[in-house]
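Asks: Curious how this folds, go ahead:
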Amino acid sequence: MPEQTPATARSAFLEGAREISVLVPGIFPFGMVAGISAMQAGLTPLQAFGGSLFIFAGASQLVAYELIGNAAPVLLIVLAALTVNLRFLLYSTALAPLMAPLPLRLRALCAYIMTDQAYAFGYRRWTEHPERPFPQAYYMGAALPLLATWLSSTVAGILLGSGVPDEWGLQFAVPLCFIAILVPAVKDRATLAAALVGGSVAILLGGLPWKLSLLIGALCGIIAGVLLSARPAAKEPRNA
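Replies: Prediction:
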């Protein structure tokens, strides 16, 4: 049966919400880890919730909470979080033509609710199915449920707080969350190089204070990915 084309922006919004729903069960434990990590780093419940509300970027939040727990300088915490979030510059650039017709307030909303998953769903629908109308509404439908899930799961993590028993193995939760983000993102040689270089550098420099190995590894991975993606494709040998 051919896929039905959404007739209104509302139906496109609901389509995005329906298709993103398969990812919600995986987002909830990630948000719980963020809430628990914030509490264990010494933040108040209000600060922990504010981190998810105003930052809304799980990977950078986990990095920031790790550094806060290690009493790192504020400048280092901010720099590390910004480095982890550099990928959103690429996402925003890619989606800019799609969002250009929207008024400023809606463009700002779309920027705020952007996540890896919402970008992937929205960009794929826009580029692979250009004949389907209301791509902006579809994107919002995919993004807003993730925001609601993230905030509610953060609250659950805050309520658990430091009462999580050691048997739960929370020390492994953050690395597993990063692996869950990393693996789907590795799609070509550039992203593979970025992952390998960044991970290797972080491991080699693991003894540095304040988790500096994470920041240096991320920067090295970004540089490796950019350099490889900028290389021209190898030319095929000419036939004699």
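Asks: Give the other helices and strands that the single longest helix found in the chain contacts.
Replies: Looking across the chain with DSSP state H, the single longest helix is helix 135-160. In terms of contacts (3 or more Cβ pairs under 8 Å, 6 or more residues apart in numbering; DSSP states H and E), helix 135-160 is packed against helix 9-20, helix 24-40, helix 45-50, helix 87-99, helix 104-112, helix 116-128. Backbone N, C-alpha and C define where each C-beta goes, glycine included.
Asks: let's see 10 Å
Replies: helix 9-20, helix 24-40, helix 45-50, helix 58-69, helix 87-99, helix 104-112, helix 116-128 (3 or more Cβ pairs under 10 Å, 6 or more residues apart in numbering; DSSP states H and E).
Asks: tell me the mean pLDDT for the fifth one?
Replies: On average, the pLDDT along helix 87-99 is 92.
Asks: which secondary element of this protein has the worst mean pLDDT?
Replies: The helix or strand of the chain with the poorest confidence is helix 173-185; it has a mean of 59 (mean pLDDT, DSSP states H and E).
Asks: Would you mind giving the domain segments of the chain?
Replies: Residue ranges for the domains of the chain, per automatic domain parsing: 9-171, 186-231.
Asks: Same list (the ones you listed) but as JSON lines, adding mean neighbour count.
Replies: Below are these laid out as JSON lines (neighbours: other Cβ atoms under 10 Å):
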{"stretch": "domain 9-171", "mean neighbour count": "17"}
{"stretch": "domain 186-231", "mean neighbour count": "16"}
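Asks: What are the neighbouring residues in contact with Ala17?
Replies: By Cβ atoms under 10 Å, 6 or more residues apart in numbering, Ala17 lies in contact with 24, 138, 140-146.
Asks: Which of the domains of the chain has the lowest mean pLDDT?
Replies: Among those, domain 186-231 scores lowest, at a mean of 79.
Asks: Give me the distance between that domain and the centre of its chain.
Replies: 17 Å (Cα atoms, centre = their mean, to the nearest Å).
Asks: next one: stretch 47-64
Replies: On Cα atoms, centre = their mean, the centre of stretch 47-64 falls 11 Å from that of its chain.
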